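Q: predicted model, plus sequence, below.
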Number of protein chains: 2
Amino acid sequence: MPSIVGYEMGTAGQPVRRVVRPLRRLEPDEVLLRVAGCGVCHTDIGFLYGGVRTRHAPPLILGHEISGHIEDAGRNAAARIGDGVVVPAVLPCRACPLCRAGRPTICRAQVMPGNDCDGGFATHVILPARDLCRVPGAGEDADAPVGSVAGLTLRHLAVVADAVSTAYQAVARSGLTRGDLAVVVGLGGVGGYAAQIAAERGAAVAGIDPDPRRLEGAAASSVGLALDPSAHSGRELKARVAEFARQTGAPETGWTILECSGTAAGEKTAFGLLVPGATLLVVGFTLESVEIRLANLMAFDARALGNWGCAPELYPEILEKVLAGKIDVLSQTELRPLVEIQAVLEEVADHRAGRRQVLTPSGAEEVS
Amino acid sequence: MPSIVGYEMGTAGQPVRRVVRPLRRLEPDEVLLRVAGCGVCHTDIGFLYGGVRTRHAPPLILGHEISGHIEDAGRNAAARIGDGVVVPAVLPCRACPLCRAGRPTICRAQVMPGNDCDGGFATHVILPARDLCRVPGAGEDADAPVGSVAGLTLRHLAVVADAVSTAYQAVARSGLTRGDLAVVVGLGGVGGYAAQIAAERGAAVAGIDPDPRRLEGAAASSVGLALDPSAHSGRELKARVAEFARQTGAPETGWTILECSGTAAGEKTAFGLLVPGATLLVVGFTLESVEIRLANLMAFDARALGNWGCAPELYPEILEKVLAGKIDVLSQTELRPLVEIQAVLEEVADHRAGRRQVLTPSGAEEVS
């Protein structure tokens, strides 16, 4: 394998373009990963069309939601050759004071594929070996079954790298527990998992999204109350959620609100749902500003917690839940050939994709 | 003592008016407190002139920053007669699930004098006995010395009820520790104490306030860097604080930002100082909205914590620090006769008062 075939963003707003990168020599702690799948995230759309800048200037191969097999490794990581792995979307350095103080997600030397270096919209990606999360029982074949869910493969597990794990850390930070009330604003890639994970913890879950397909999907599974924000005022939404809390026996205070839409409108809706002792998780990202009464945090003795990525330590337990079917990724995910990347990016940008799109290299890249 | 003389808010925006309330019978758990001092807080000004509504509709005697002597008590609280006490500004019920779960500041049955019931701009106030914080060594005379600070009296300790304790809980919640960097936005009644308390914890403290008198006062004591926000852009302010962090050996991440101005401008300044892992405490209150990029909490893996009042459990340790002179209230406080209340309220509303104004009944109320 003398080269990597990928699709790079040359200029924001322009179509990605196929590139062939010569394979460089691996550093002692690096691995060469053969990509099984790479999910398309709202963040990629932000880089491409939303004015968000990548930390490493373009041209850059995007994609940070990666699963794959370790095909080659530097001398310190040779034992990992053959492993099927999920790649945490944010890879901390493990050496700096912040990492040593247990704050890996704000490590200043962190590496996010497709942001700090070439990412996973490619046949291969070179990454630091540390913290790649081994998938038990993943053989060499990316299409072979993994875990106990029929049809689940290493390719689908790409979404664990970011969409599932980001939602998981956000819910974990909130301290949500059995009998609590969770409201998920934005039931897309991350929000859908936030709803599932909150329900798996035993919370009553309300979901808010203007997209009727998402509302239906969520209502069919983890969400007990599905609300379209365009059909209600902020006051009505809050009243409906309060009624739902009463019906489910959840408290009228201390709600957990997960803002996963990454839109100013969603943020406004989420902030408007604050009650005494509430915890708002800011999970989605947007460059937009929003006009809010920030002092309501004081009046409600509430808190707003930002959530960036997910600490690698949490990945094994997340993966375990996914492999056991406690978190359903299969029905939320659609595998698409990597060669169709431009069409897929446009579908996601235009909100035409109902499920998380995972790009899968298949050999076709080599000759296209 | 057959009656309480006080000054009630009849209609917001109008001058307060002297009233004589007949003394009602005390409930078994209530006490009659003879007021030694009652501080004038930004919150009172909000009720009077800022459109903020009291939970108990007017007419109402305002004032929630109270010290005094227990003069009479219901049958369950008789042992407390004679105690000199500081009254926590927020008195939780101690019986509800939230109180039992350790969340007294969001107790739905909490009583805040001057908001839920008549407050301390009066000769006396009737309050639940629970959680009134005893001042060791406070005799019957409100003008007698207390603690080890020359000139300090029970009257001055009124400010412990809210300004000091609110700042104390906010700093405690932030987790601020030796070697950290704290930035206090708004060096008024609460912010000045936040700066002192942060410095007492061993943090390097920067202060931001447009009032040159406050900047000078803060720079003379606890604040190592005093900045006028009107003289700098948001970017410049952040650069100056970062330079201060480098000079003092504080980290470039994880700053603690205490928004104590209770203004939209201050909130915008405070939010603009977010760095990775930052903790923003929202301590000041305003009805104004502010336009911010909320998703920066996500991008910085930062958090914004609202702070309402202070849990009664913290008062003994706060009082100990004040009585020992580790937190200076004397130089921050000006005692004023209660009969001058209207003039004092107007001075505070117009930002003409340099120090916290504490209204002190003196007997003149009886005959005026």
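A: The structure has been received and is ready for your questions.

Q: rest of the way, CA atoms for contacts and neighbours
A: Will do.

Q: is residue A:321 located within a helix, as I assumed?
A: Yes: the assignment for residue A:321 by DSSP: H, G, I helix; E, B strand; the rest coil puts it in a helix.

Q: so the closest residue to it other than its chain neighbours: helix, strand or coil?
A: Spatially, and ignoring its direct neighbours in sequence, residue A:321 is nearest to residue A:327 (5.8 Å; C-alpha to C-alpha, 6 or more residues apart in numbering or on different chains). Following three-state DSSP, the label given to residue A:327 is coil.

Q: quick one, what contacts residue A:327?
A: A:193, A:196-197, A:200, A:321 (C-alpha atoms under 8 Å, 6 or more residues apart in numbering or on different chains).

Q: and which of these is nearest to chain B?
A: Of all the contacts of residue A:327, chain B sits closest to residue A:193, with 17.4 Å by C-alpha to the nearest C-alpha.

Q: what is the burial count for that closest one?
A: 28 (other C-alpha atoms under 10 Å in any protein chain shown).

Q: which stretch of helix or strand covers the residue lying closest to it once chain neighbours are set aside?
A: Nearest residue to residue A:193, sequence neighbours excluded (C-alpha to C-alpha, 6+ apart): residue A:164, at 5.6 Å. Here residue A:164, judged by DSSP states H and E, is contained in helix A:163-174.

Q: so where's the stretch 201-350 of chain A shaky on pLDDT?
A: Within the stretch 201-350 of chain A, no range satisfies pLDDT under 70.

Q: around chain B, pick out the residues from it.
A: Residues of the stretch 201-350 of chain A that fall close to chain B, judged by C-alpha under 8 Å from any C-alpha of the partner chain: A:262, A:267, A:276-277, A:282-308.

Q: just the buried residues of those.
A: A:262, A:267, A:276-277, A:282-308 (16 or more other C-alpha atoms under 10 Å in any protein chain shown).

Q: which helix in chain A runs the most residues?
A: Here the longest helix in chain A is taken by residue count, with DSSP state H as the criterion, and it is helix A:234-248.

Q: which residues touch residue A:289?
A: Contacts of residue A:289 by C-alpha under 8 Å, 6+ apart are A:264, B:291-294.

Q: at 10 Å what do you get?
A: A:263-265, A:267, B:290-296 (C-alpha atoms under 10 Å, 6 or more residues apart in numbering or on different chains).

Q: and those, which of them are in helices?
A: A:264-265, A:267, B:296.

Q: these: which two are farthest apart?
A: Checked with C-alpha to C-alpha, the ones in helices among the contacts of residue A:289 reach their widest spread between A:265 and B:296, with 15.5 Å between them.

Q: quick one: mean pLDDT for stretch A:136-156?
A: Here stretch A:136-156 scores 94 as its mean pLDDT.

Q: now the strands for the stretch 1-150 of chain A?
A: A:3-9, A:17-22, A:30-39, A:60-61, A:66-73, A:84-87, A:124-128, A:133-134 (DSSP state E, counting those that start in this stretch).

Q: please apply the same query to the stretch 201-350 of chain A.
A: Under DSSP E, counting those that start in this stretch, the stretch 201-350 of chain A gives strands at A:204-208, A:225-227, A:256-259, A:279-282, A:290-292, A:303-306, A:333-337.

Q: and the second one, what's buried?
A: Read it as strand A:225-227. A:225-227.

Q: would you mind listing the residues in contact with the spatially most central residue of chain A?
A: Compute the mean C-alpha point of chain A, and by C-alpha atoms, centre = their mean the closest residue is residue A:163, 1.9 Å away. Residues near residue A:163 by C-alpha under 10 Å, 6+ apart: A:39-42, A:65, A:89, A:188-194, A:309-310, A:329, A:356.

Q: can we see that at 7 Å?
A: A:189-190 (C-alpha atoms under 7 Å, 6 or more residues apart in numbering or on different chains).

Q: from residue A:120, how far out is it?
A: Taking C-alpha to C-alpha, to the nearest Å as the measure, residue A:163 falls 15 Å from residue A:120.

Q: try residue A:269
A: 34 Å.

Q: same question, residue A:317
A: Distance from residue A:317 to residue A:120, by C-alpha to C-alpha: 23 Å.

Q: one more: residue A:236?
A: 43 Å.

Q: do the same with residue A:21
A: 13 Å.

Q: cool, and residue A:153?
A: 17 Å.

Q: what of residue A:172?
A: 27 Å.

Q: now swap in residue A:156 and tell me
A: 14 Å.

Q: neighbour count winner among those two?
A: residue A:120 (34 against 30).

Q: you'd agree that one is up against residue A:64?
A: Yes: with contact defined as C-alpha atoms under 7 Å, residue A:120 counts as touching residue A:64 (6.0 Å).
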